[in-house]
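Visitor: I would like the atomic coordinates for the input below:
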Amino acid sequence: ASPRRQDLLRLLTDDFIICPADADETLPKNMPPEQQIETLALRKAEDVFAKMISNIREVRSRGAKVIMIAGTGAQVDASLCDHLITLPPVNNEFAPFGAAIVLQYIAYYAATARGLNVDQPRNLAKSVTVE
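Guide: So this is what the prediction gives:
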């Protein structure tokens, strides 16, 4: 835990334990980053999907594998992704809930396959594309 996080924990209680992660997070030196990860593409809004296609093609051209998550009936070109996960049909208002469940499962199984402790995430980061 960072010194700042430790200070915040001390404000709450003096009785806490810092458990460092035991996972080896070093990357292979001879492999570019794009080939070390899988890219998740979540098809949600139809109006931005055309721009998303160019981003998907860019990462695929660099060797990344793409997992696409799309709703039932969505027109998806099979050449865009290595794996397609189709969500069941629901009202648009509830679509994010189905996608969130699938993404949680992917995160869980990816972490356990790497031998990481899912109860102690490390270096958690978000990437957001703003339109």
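
Visitor: now tell me which helix or strand of this structure has the poorest mean pLDDT.
Guide: Every helix and strand of the chain was ranked by mean pLDDT, DSSP states H and E. The lowest is helix 33-36, at a mean of 64.

Visitor: quick one: the strands in this structure?
Guide: Applying DSSP state E to the chain gives strands spanning 38-42, 65-71, 83-87.

Visitor: can you pull the buried residues of the last one?
Guide: With burial defined by 16 or more other Cβ atoms under 10 Å, the residues of strand 83-87 counted as buried are 84-85, 87. Placement of C-beta: from N, CA and C, glycine included.

Visitor: with distance to Leu9 added, can I get those residues in JSON lines?
Guide: Formatted as JSON lines, the buried residues of strand 83-87 follow (distance: Cβ to Cβ, whole Å):
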{"residue": "Leu84", "distance to Leu9": "43"}
{"residue": "Ile85", "distance to Leu9": "38"}
{"residue": "Leu87", "distance to Leu9": "39"}
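
Visitor: which member of those is positioned nearest Val102?
Guide: When the buried residues of strand 83-87 are compared for distance to Val102 (Cβ to Cβ), Ile85 wins out at 5.9 Å.

Visitor: partners of the closest one in the sheet?
Guide: Ile69 (DSSP bridges).

Visitor: is it true that it touches Thr72?
Guide: No: with contacts counted by Cβ atoms under 8 Å, Ile85 stays clear of Thr72, the gap being 11.0 Å.

Visitor: looking at the strands of the chain, which is closest to Tyr108?
Guide: Go through the strands of the chain one by one with Cβ to Cβ and the one that ends up closest to Tyr108 is strand 38-42, at 13.6 Å.
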